[in-house]
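below are the sequence and a predicted model; questions follow.
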Amino acid sequence: MPFARAFRAEKRSDVVWLAEAYGSDIPSLTGYLAAHTQNVGYGAAIMQIPGRTPAMTAMTAATLDRITGGRFHLGLGVSGPQVS
């Protein structure tokens, strides 16, 4: 579960890598977790491209970077047919 991993990683100032699959999205989960942590970084592994325009992806990544205090790492990819 990403919540438990995030809270354990908080103690080590580690990075938690999140994925989009089966109805979940990285921006919402990152925003929630970042509001409850201060040290852990968050990475998108991967934020799938077909579901967003390039401009929306860039704006979302920039916003996540800002609200996490630079703790967001963007990973892009096409994902699989189930998600796309």
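Cool, got the structure.

can you give me the helices in the chain?
2-10, 26-35, 54-67 (DSSP state H).

quick check: buried residues in the second one?
Of the residues in helix 26-35, I26, P27, L29, T30, L33, A34 count as buried by neighbour count, 16 or more other Cβ atoms under 10 Å. C-beta here means a position set from N, CA and C on the backbone, and glycine is covered the same way.

helices or strands next to the lowest-mean-pLDDT helix or strand in the chain in the packing?
Least confident helix or strand, the chain: helix 2-10 with a mean of 71, by mean pLDDT, DSSP states H and E. Other elements packing on helix 2-10 under the criterion 3 or more Cβ pairs under 8 Å, 6 or more residues apart in numbering; DSSP states H and E are strand 15-18, helix 26-35.

and the last one, what does it pack against?
Here helix 26-35 touches helix 2-10, strand 15-18, strand 41-44, helix 54-67, going by 3+ Cβ pairs under 8 Å, 6+ apart.

point out where the chain drops to low pLDDT.
1-3, 82-84 (pLDDT under 70).

contacting residues for G77?
I46, M47, Q48, I49 (Cβ atoms under 8 Å, 6 or more residues apart in numbering).

by neighbours, which of those wins?
The most crowded member of the contacts of G77, judged by other Cβ atoms under 10 Å, is M47 (24 neighbours).

leaving out the residues flanking it, which one is nearest to that residue?
Leaving aside its sequence neighbours, M47 sits nearest to I26 (Cβ to Cβ, 6 or more residues apart in numbering; 5.0 Å).
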